[in-house]
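A.B. asks: Sequence plus the predicted model coming up.
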Protein chains: 2
Amino acid sequence: MLVNGKSGDLISIRDRGLLYGDGVFRTMLARNGHALHSLLHLQKLQQDCTKLGITCPALSRLADELKTLLVQHPEGIIKLIVTRGLATRGYAPPPDTEPTHIWDVTPLPSYPDEWASEGVIVRVCDIRLSEQPRLAGVKHLNRLENVLAAAEWSDTNIAEGLLLNAQGHVIEGTRSNLFVLRGGVLYTPVLSRCGVAGVQRDRVLSYATSHKMAVKICDLTLADVLSADEVFLVNSVIGVWPVRTLQTKRWGDFTFTHRLQAQMAQKDGV
Amino acid sequence: MLVNGKSGDLISIRDRGLLYGDGVFRTMLARNGHALHSLLHLQKLQQDCTKLGITCPALSRLADELKTLLVQHPEGIIKLIVTRGLATRGYAPPPDTEPTHIWDVTPLPSYPDEWASEGVIVRVCDIRLSEQPRLAGVKHLNRLENVLAAAEWSDTNIAEGLLLNAQGHVIEGTRSNLFVLRGGVLYTPVLSRCGVAGVQRDRVLSYATSHKMAVKICDLTLADVLSADEVFLVNSVIGVWPVRTLQTKRWGDFTFTHRLQAQMAQKDGV
């Protein structure tokens, strides 16, 4: 655990990350002393900081700290948080605040093996995502909607919940991005008004484009998802999970999703 | 400064208040060793905790801690934060987490005297508030919209910015609630889809009702505000500020607002 480059696991109660959720974060998977796709994560972190007007620490510094951290923690979930820093007074960002940056490592979660091979059970959340174009796509610290969504179910057989907006468009999972394959075309929801655009979403889109697949980033209804040939979820911890069950629908053919899993895993070193 | 009843100004980097903004807060004014309307604030805090499913510390305990704090800090802005507590894994609230509660005191701000007497200059913010009925009214820690709104202006002559929703309804100020007087009727925006319902808003509504005034809690457009006889802003630190200037509109008659200021101040001991 590092806070502003020094060993520690505490921050000030006056940090704007706590007071306002005024910050951004990334979650990476460490295996064999290597943080997968760390450069993509750091670049995304920097982009998200820019969108909020937060001064991002130099990526070279973050990369150095990560390297040191991986020596001690070669396996685990690595979380990196950047907040706008200490508060002075009120909501307005102080003009010359030093950002706070925090590294934390937690143990790898143990999901059932068959979730990746045979697919997961997914539900539809009751809560609807609000629309804020200024924050859409950004992995910021205002995550109460995700908390309320995740609080909706306790059945551990259900791997993920889908989040829709007020218009009934499917946006994402509570902690994952969603893809749908239909008639050879790969679809994923547009995230210009809500949702988080994850690194793995970008990687799948790059893969599809480089393989000359037809890709559509657009509004998707629940009916669009239910009538798909294959549906899968991605994030940096789970990788790629095929969806087996959603409401009364069952899928059994994961041909594309399994091929993608293999390809994404191969490219993990990149 | 107290963290969970003990002297300190640090919290864990694994507190859900930081990770997700998973908590609520109150801001009170302390004068002469007395925190104004502290009971109303604590009750509202408890209600907000209930809405998020957070276990609120016992109000008697909070009241005792506040009493101790006021001995050391008889004057200032007192902030009380309650978060859901330490994270285990993921967004889902752990079933038996101890909440974290934090007291902080900062110096009283010094606003120009004439802001209360002659009114303030107010602007309209560009950012539009998103709509989330599950969080509306709650003073929670997801305040990035307020941060982005407050970042829109730097002219210190502008005292506050008004926040509208996507439909063009005026909801509140970045850190205050809004009232409008028109034809003897007192209007304030409905806060069922966005906005924070502050303690001073409740107090003004109670005052108006007990004085048999006609009160309407409804949607208000910017045109409604601009055509009002008087407009004023309230919060627990500023009290009541008449609005003097909004866009090209100028107000000069603050008869009702000044009477209300006097009444609200009289009732401050309650």
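C.D. replies: Thanks, I have the structure now.
A.B. asks: since we're on A:Gly5, how many residues are nearby?
C.D. replies: The tally of other residues near A:Gly5 (other CB atoms under 10 Å in any protein chain shown) stands at 14. Where C-beta positions appear, they are placed from N, C-alpha and C, glycine not excepted.
A.B. asks: For chain A, which segments count as helices?
C.D. replies: A:16-20, A:38-52, A:59-72, A:113-117, A:144-150, A:199-210, A:222-226, A:255-266 (DSSP state H).
A.B. asks: could you dump the ones you listed to CSV with distance to B:Gly85, mean pLDDT and mean neighbour count?
C.D. replies: Formatted as CSV, the helices of chain A follow (distance: least, CB to CB, whole Å; pLDDT from 0 to 100; neighbours: other CB atoms under 10 Å in any protein chain shown):
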stretch, distance to B:Gly85, mean pLDDT, mean neighbour count
helix A:16-20, 13, 98, 28
helix A:38-52, 26, 98, 19
helix A:59-72, 25, 97, 14
helix A:113-117, 29, 97, 13
helix A:144-150, 12, 98, 23
helix A:199-210, 29, 97, 18
helix A:222-226, 34, 98, 16
helix A:255-266, 35, 93, 16
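A.B. asks: Turn the ones you listed into CSV, columns for distance to B:Arg203.
C.D. replies: Converted to CSV, those look like this (distance: least, CB to CB, whole Å):
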stretch, distance to B:Arg203
helix A:16-20, 24
helix A:38-52, 34
helix A:59-72, 47
helix A:113-117, 53
helix A:144-150, 27
helix A:199-210, 47
helix A:222-226, 44
helix A:255-266, 57
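A.B. asks: looking at the ones you listed, which is closest to B:Ile78?
C.D. replies: Among the helices of chain A, the nearest to B:Ile78 by CB to CB is helix A:16-20 (14.1 Å).
A.B. asks: Check which helices and strands the closest one sits against.
C.D. replies: Packed against helix A:16-20, as judged by 3 or more CB pairs under 8 Å, 6 or more residues apart in numbering or on different chains; DSSP states H and E, are the following elements: strand A:76-83, helix B:16-20, strand B:76-83, helix B:144-150.
A.B. asks: Could you pull up the residues touching the closest residue to chain B within the stretch 1-150 of chain A?
C.D. replies: Relative to chain B, the nearest point of the stretch 1-150 of chain A is A:Gly21 (3.3 Å; CB to the nearest CB). Applying CB atoms under 8 Å, 6 or more residues apart in numbering or on different chains, we find A:Gly21 in contact with A:His140, A:Leu141, A:Asn142, A:Arg143, B:Tyr20, B:Gly21, B:Leu141, B:Asn142, B:Arg143, B:Leu144.
A.B. asks: Grab the nearest non-local neighbour of the last one.
C.D. replies: Sequence neighbours aside, A:Asn142 is the residue nearest to B:Leu144 in space, at 4.8 Å (criterion: CB to CB, 6 or more residues apart in numbering or on different chains).
A.B. asks: Check the first one too.
C.D. replies: In space, and not counting its chain neighbours, A:His140 is closest to A:Val24: 5.2 Å by CB to CB, 6+ apart.
A.B. asks: could you measure A:Leu186 against A:Phe232, distance?
C.D. replies: Look at A:Leu186 and A:Phe232: by CB to CB, to the nearest Å, they are 10 Å apart.
A.B. asks: scratch that, A:His258 is what I was asking about
C.D. replies: For A:His258, the distance to A:Phe232 - CB to CB - is 10 Å.
A.B. asks: and for these two, which residues touch both?
C.D. replies: Counting by CB under 8 Å, 6+ apart, the common neighbours of A:His258 and A:Phe232 are A:Pro242.
A.B. asks: Tell me where the stretch 51-200 of chain A is predicted with low confidence.
C.D. replies: Within the stretch 51-200 of chain A, no stretch falls below the threshold (pLDDT under 70).
A.B. asks: Show the contacting residues for the residue nearest to A:His140.
C.D. replies: With CB under 8 Å, 6+ apart, A:Val24 has these contacts: A:Leu45, A:Asp48, A:Cys49, A:Leu52, A:Ile54, A:Ile81, A:Val82, A:Val138, A:Lys139, A:His140, A:Leu141.
A.B. asks: Any idea what it is bridged to?
C.D. replies: Listed beta-bridge partners, A:Val24: A:Val82, A:His140 (assigned using DSSP bridges).
A.B. asks: So what sits opposite A:Thr188 in the bridge?
C.D. replies: Residues in beta-bridge contact with A:Thr188 (DSSP bridges): A:Ile217.
A.B. asks: what number of residues lie near it?
C.D. replies: The burial count for A:Thr188: 22, using other CB under 10 Å.
A.B. asks: In this structure it contacts A:Val180, no?
C.D. replies: Yes. Counting by CB atoms under 8 Å, A:Thr188 does reach A:Val180; the two are 7.2 Å apart.
A.B. asks: Now for those two: what residues contact both?
C.D. replies: A:Leu220.
A.B. asks: Just to check, A:Ile158 is in contact with A:Val124?
C.D. replies: No. Look at A:Ile158 against A:Val124 with CB under 8 Å: they stay out of range, at 10.7 Å.
A.B. asks: Now the stretch 151-270 of chain A against chain B: closest residue?
C.D. replies: A:Ala151 (5.3 Å).
A.B. asks: residues near that residue, how many?
C.D. replies: A:Ala151 has 17 neighbouring residues, counting by other CB under 10 Å.
A.B. asks: coming back round to it: which one of the helices of chain A lies closest to B:Asn165?
C.D. replies: With CB to CB as the yardstick, what comes closest out of the helices of chain A is helix A:144-150 (16.8 Å).
A.B. asks: contacting residues for the closest residue to A:Thr255 other than its chain neighbours?
C.D. replies: Of all residues not flanking A:Thr255 in the chain, A:Glu230 sits nearest, at 7.4 Å (CB to CB, 6+ apart). Neighbouring residues of A:Glu230 by CB under 8 Å, 6+ apart: A:Val180, A:Leu181, A:Pro242, A:Val243, A:Trp251, A:Asp253, A:Phe254, A:Thr255, A:Phe256, A:Thr257.
A.B. asks: which bits of the stretch 151-270 of chain A sit near chain B?
C.D. replies: Applying CB under 8 Å from any CB of the partner chain, we find that the stretch 151-270 of chain A lies next to chain B at A:Ala151, A:Ser154, A:Ala166, A:Thr174, A:Arg175, A:Cys194.
A.B. asks: what about the closest residue in space to the third one that isn't next to it in sequence, neighbour count?
C.D. replies: Nearest non-adjacent residue to A:Ala166, counting by CB to CB, 6+ apart: A:Arg128, 4.8 Å away. The burial count assigned to A:Arg128 is 21, neighbours taken as other CB under 10 Å.
A.B. asks: Check the one 5 residues further on too.
C.D. replies: Residues lying near A:Pro133 (other CB under 10 Å) number 13.
A.B. asks: which residues sit in contact with the nearest residue to it once chain neighbours are set aside?
C.D. replies: Nearest non-adjacent residue to A:Pro133, counting by CB to CB, 6+ apart: A:Arg193, 5.4 Å away. A:Arg193 makes contact with A:Glu131, A:Gln132, A:Pro133, A:Ala136, A:Asn165, according to CB under 8 Å, 6+ apart.
A.B. asks: What residues does A:Thr174 make contact with?
C.D. replies: Counted by CB under 8 Å, 6+ apart, A:Thr174 has contacts A:Cys125, A:Asn146, A:Ala149, A:Ala150, A:Glu160, A:Gly161, A:Leu163, B:Tyr91.
A.B. asks: er, A:Ile217 I mean
C.D. replies: A:Tyr187, A:Thr188, A:Pro189, A:Val190, A:Leu205.
A.B. asks: Alright, calling it a day.
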